[in-house]
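turn this into a model:
(one chain, ligands or ions: 2)
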Amino acid sequence: MEFLDLPPMMSAAGRVRLPGSKSISNRVLLLAALSSGETEVRDLLRSDDTERMLEALRALGVSWMHDAETDVYRVRGVAGPFPVKQADLFLGNAGTAFRPLTAALALSGGSYRLSGVPRMHERPIGDLVDALRQLGADIAYEGNPGYPPLQIQPAGAGLKRQAAVRGDVSSQFLTALLMAAPLAGGEVVIDVIGELISKPYIEITLDLMRRFGVEVVREGWSRFVVPAGAGYRSPGVIHVEGDASSASYFLAAGVLGGGPVRVEGVGRDSIQGDVRFAEALEQLGARITWGDHWIEAAAPADGRLKAFDLDLNHIPDAAMTLAVMALFCDGPSRLRNIASWRVKETDRLAAMATELRKVGAVVEELPDALQIEPPATLVSAAIDTYDDHRMAMCFSLATLGGPGMRINDPACVNKTFPSYFDVFRQVTQPVPVIAIDGPSASGKGTVAARVAEALGFHYLDSGSLYRLVALAALKAGLAESDPRVVDIARHLPAAFEAGVVRLSGEDVTDAIRSEACSVMASKVAARSEVRDALLDRQRAYRRPPGLVAEGRDMGSVVFPDAGTKVFLTASVEARAERRYKQLMEKGLPANIDSLSQDLRERDERDASRPVAPLKKLPDATELETSEMTVDQAVSFVLDLVGAKG
Ligand SMILES: Nc1ncnc2c1ncn2[C@@H]1O[C@H](COP(=O)(O)OP(=O)(O)OP(=O)(O)O)[C@@H](O)[C@H]1O
Ligand SMILES: Nc1ccn([C@H]2C[C@H](O)[C@@H](COP(=O)(O)O)O2)c(=O)n1
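Ligands and ions are numbered 1, 2, ... in the order given. This is a model prediction of the structure:
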């Protein structure tokens, strides 16, 4: 499976130009297709969901063209039902294409088949089909009753004028009926059974229908009347607003990462309900500023994010972002009235609960709510995304002030925001890493520790981890190739406290420096399974305010995104001399010739092994220290860090 490793993030600030709203894009495309006249659509979202809609419209006889230079779409409307009367449409997992097209095709007098990916065939559509049948539509289920795929045939004699639809499962059913209603050729009355959920999405539908010339008469939220003679007319040019649900990730990043982060494309004047996510953020203590077409978010003034208990029925998509923000709140939070999550791209209530638990939260999953207790410290995890773009985008936020996260199947963001992770990287600043690699006894440990002290950063001596594995293996009488060495690496009972290294509580600071241990360390380090077993442990050292890490593969494998990479080296003679002095100072016996010989052999082993060999990387700065003092080497690295800003 493909995955993306996101490093821990220090902060977030900047501006984001949002992609077009998915909800508005697919509604506008359908309305433009059913209109008389040509519509110029600006800022349309380009994503899997809109691709499915565009493909379907073309198959149904609607001509449209895209001007790559201006990124403008021109849709030539068919002024009524679709002209193509027979089609087999594959709509992927695009609910915003599937539901409205079902309704429009049911009233178009043709024979159509609509199908999607397996998950789409698990998403209920029975309430919409029931309502369309009341209008006289002929729709059959190809598989399980109540679920796609669907077979549509021309309606029998005369369409009826009244239908009732459930409003408490998905507001998309009502949206689909409303948008298709003008095709019925007379007044259509739609009654809503039960409490209508996600009302802001219906407001978007009514607003857009109005712009295309159809005024729906609304009686509260329970009856909608589409008048006789209603027909769509192109407004000429229409701009798609930025996606307010996508805005939620960046506003949250501004709050969690200090901010300010400004999103451009939605603001005070937005027709999308999800802009009210910013109001929810205010209740958590965030600082929010509104413009007509932008919103800006920053961390609470006192740095404390308040726990919350909110009814989020009106912002079901953006509410997922709040679920991840609950990890950073000052107590348990509750997200209520979100049962609709169960019938989205995945069962989002179950998926969210499972993944939040992976990062350490205590989560209670209720039929229509989540109770989330944040952990004292977030745990790094591999997040499964369930082919759900929002799962992937939400969990990127867990890296802000937390550890790094692995996002499995990151391409699922293509559904609505193909460039999401690039944009996320542009507004976030990772915890800085200074990677110092080099051969044995070159002085990298001494220099790295001094640089870390000067900057107030954490320090990782990765070699000591391999040395500890080696010592544990030697104590257990294992050969370097023994499979149990990998288990030792996985569960290494090591601790580092104030210059003392412990293995299962025993002080082994000097023992891991013995020649026997050094030789064994270089042998176990050549095994890829041992290296894999130690990888996460090394990455966990990356915590604010920063890390200086030294070893052989800090810049190449463990922290390839390190902002500063140094290849610290010295001649074999200089290194043998340094090691000789070190041993003498400790009162240990040493012979300069055998030290030189040993260093040459280890250099050869470390540099020639197939996995993570020691080498100077093209993006590393070489520091030749044979003729340098420690102070000079430390100053060089500090200057380099300073120069990189
Ligand atoms: N210019 C220099 N830069 C760094 N260390 C130096 C320098 N000159 C002398 N030394 C000394 O070299 C000795 C070896 O350094 P150190 O143990 O830090 O090396 P190392 O590369 O981390 O070794 P190993 O890979 O075995 O852990 C130390 O006693 C250090 O003080
Ligand atoms: N990132 C690392 C660090 C160390 N090793 C190997 C190389 C050495 O033979 C051994 C001990 O390291 P030292 O304490 O001398 O830095 O561990 C490695 O392969 N990768």
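
show me where the stretch 501-645 of the chain dips below the pLDDT cut-off.
Counting by pLDDT under 70, the ranges of the stretch 501-645 of the chain that qualify are 645.

what parts of it come near ligand 2?
Residues of the stretch 501-645 of the chain lying near ligand 2 by C-beta under 6 Å from any ligand atom: Ala521, Ser522, Ala525, Gly551, Arg552, Asp553, Arg602, Asp606. Just so you know, the C-beta spots here come from the backbone N, C-alpha and C atoms, and that holds for glycine as well.

widest-spaced pair of these?
Farthest apart among those by C-beta to C-beta are Asp553 and Arg602. That separation is 14.9 Å.

still on that earlier bit, just the residues of the stretch 501-645 of the chain next to ligand 2: which are in helices?
Ala521, Ser522, Arg602, Asp606 (DSSP state H).

distance from the chain centre to stretch 515-534, please.
Relative to its chain's centre, stretch 515-534 lies at 34 Å (C-alpha atoms, centre = their mean, to the nearest Å).

how about it: buried residues?
Neighbour counts over stretch 515-534 (16 or more other C-beta atoms under 10 Å) mark 517-527, 530-531, 533-534 as buried.

closest to Leu503 out of the residues you listed?
The closest of the buried residues of stretch 515-534, once distances to Leu503 are taken by C-beta to C-beta, is Cys517, at 11.0 Å.

could you say which helix or strand contains the closest one?
Taking DSSP states H and E as the definition, Cys517 sits inside helix 515-524.

can you list contacts of that helix?
For helix 515-524, the surrounding residues in contact (C-beta atoms under 8 Å, 6 or more residues apart in numbering) are 440, 463, 466-467, 469-471, 473-474, 480, 485, 489, 511-512, 530, 598, 602, 605-606.

so which of those residues are in strands?
Taking DSSP state E, every one of the contacts of helix 515-524 sits outside strands.

identify the residues contacting Ala12.
Residues in contact with Ala12 (C-beta under 8 Å, 6+ apart) are Phe250, Ala253, Gly254, Leu256, Gly257, Gly258, Gly259, Val261, Leu400, Val427, Thr428, Gln429.

could you dump the residues you listed into CSV with pLDDT, neighbour count and secondary structure added?
Output for these, formatted as CSV (pLDDT from 0 to 100; neighbours: other C-beta atoms under 10 Å; DSSP: H, G, I helix; E, B strand; the rest coil):
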residue, pLDDT, neighbour count, secondary structure
Phe250, 98, 30, helix
Ala253, 98, 28, helix
Gly254, 98, 30, helix
Leu256, 98, 27, helix
Gly257, 97, 25, coil
Gly258, 97, 18, strand
Gly259, 96, 23, strand
Val261, 98, 26, strand
Leu400, 96, 25, strand
Val427, 98, 22, helix
Thr428, 98, 25, strand
Gln429, 96, 15, strand
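
now, among these, which is nearest to ligand 1?
Set against ligand 1, the nearest of those by C-beta to the nearest ligand atom is Gln429 (28.9 Å).

report the buried residues of stretch 535-552.
For stretch 535-552, burial by neighbour count (16+ other C-beta under 10 Å) applies to 537-539, 541-543, 546-552.

for stretch 563-582, that is, sorry about that
By neighbour count on 16+ other C-beta under 10 Å, the buried set for stretch 563-582 is 563-570, 572, 574-580.

gap between the closest residue to ligand 1 within the stretch 451-600 of the chain and Arg27?
In the stretch 451-600 of the chain, no residue comes nearer to ligand 1 than Arg578, which is 3.3 Å away by C-beta to the nearest ligand atom. Applying C-beta to C-beta, to the nearest Å, the value for Arg578 to Arg27 is 71 Å.

so where's the longest strand in the chain?
Longest strand in the chain, counting by DSSP E: strand 9-17.

does Ala449 touch Tyr459 like I think?
Yes - using C-beta atoms under 8 Å as the test, Ala449 is close enough to Tyr459 to be in contact (5.5 Å).

in strands, which of the buried residues of stretch 563-582 appear?
Within these, residues falling in strands by DSSP E are Thr564, Lys565, Val566, Phe567, Leu568, Thr569.

hang on, isn't Ala549 packed against Ile436?
Yes - contact criterion C-beta under 8 Å: Ala549 and Ile436 qualify, at 7.2 Å.

what kind of secondary structure is the one residue in the stretch 101-250 of the chain that gets nearest to ligand 2 in?
Residue nearest to ligand 2 within the stretch 101-250 of the chain: Tyr249 (34.3 Å; C-beta to the nearest ligand atom). Under DSSP: H, G, I helix; E, B strand; the rest coil, the three-state class of Tyr249 is helix.

one more: the one 3 residues further on?
Here Ala252 is recorded as helix under three-state DSSP.

residues of the chain that sit close to ligand 1?
When proximity is defined by C-beta under 6 Å from any ligand atom, the chain lies next to ligand 1 at 438, 440-447, 463, 578, 582, 625, 628-630, 633.

mind checking which of those are in helices?
Those of these mapping onto helices are Lys444, Gly445, Thr446, Val447, Gly463, Arg578, Gln582, Val630, Ala633, per DSSP H.

the fourth one contacts Ser635, doesn't it?
Read that as Val447. No - under the criterion of C-beta under 8 Å, Val447 is not in contact with Ser635, lying 10.0 Å apart.

the more surrounded of these two?
For the pair Val447 and Ser635, the greater number of neighbours falls to Val447 (28 against 16), based on other C-beta atoms under 10 Å.

distance check, the more buried one against ligand 2.
According to C-beta to the nearest ligand atom, to the nearest Å, Val447 stands 12 Å off from ligand 2.

which SS state does Gly61 fall under?
Recorded secondary structure, Gly61: coil (three-state DSSP).

can you check Ala297 too?
Ala297 ends up strand, using three-state DSSP.

what about it, how many residues close to it?
Applying other C-beta under 10 Å, we find 28 residues neighbouring Ala297.

what about it, distance to ligand 1?
As judged by C-beta to the nearest ligand atom, Ala297 and ligand 1 stand 44 Å apart.

okay, and the beta partners of that residue?
Beta-bridge partners of Ala297, counted by DSSP bridges, are Val261, Ile288.

quick one: pLDDT of it?
pLDDT, Ala297: 98.

re earlier: quick one, what contacts the residue of the stretch 451-600 of the chain closest to ligand 1?
Contacts for Arg578 were tallied using C-beta under 8 Å, 6+ apart; they are Ala441, Gly443, Ala570.

would you mind measuring from it to Ser626?
Relative to Ser626, Arg578 is positioned 10 Å away (C-beta to C-beta).

identify the contacts common to those two.
Contact with both Arg578 and Ser626 is made by residues Ala570, according to C-beta under 8 Å, 6+ apart.

can you count the residues close to Ile593?
Not Ile; residue 593 is Asp. Using other C-beta under 10 Å, Asp593 has 8 neighbouring residues.

give me every residue that touches the most centrally placed residue in the chain.
The structure's the chain has its C-alpha centroid closest to Met393; by C-alpha atoms, centre = their mean the separation is 2.8 Å. Residues counted as contacts of Met393 (C-beta under 8 Å, 6+ apart) are Ser246, Tyr249, Thr321, Val413, Phe417, Tyr420, Phe424.

state the distance from the residue in the chain positioned nearest to ligand 1 to Arg502.
For the chain, the residue closest to ligand 1 is Gly443, as judged by C-beta to the nearest ligand atom, at 2.1 Å. Distance, Gly443 to Arg502, using C-beta to C-beta: 25 Å.

between these two, tell me which one has more neighbours.
Set side by side, Gly443 and Arg502 show more neighbours around Gly443, with 24 against 15, by other C-beta under 10 Å.
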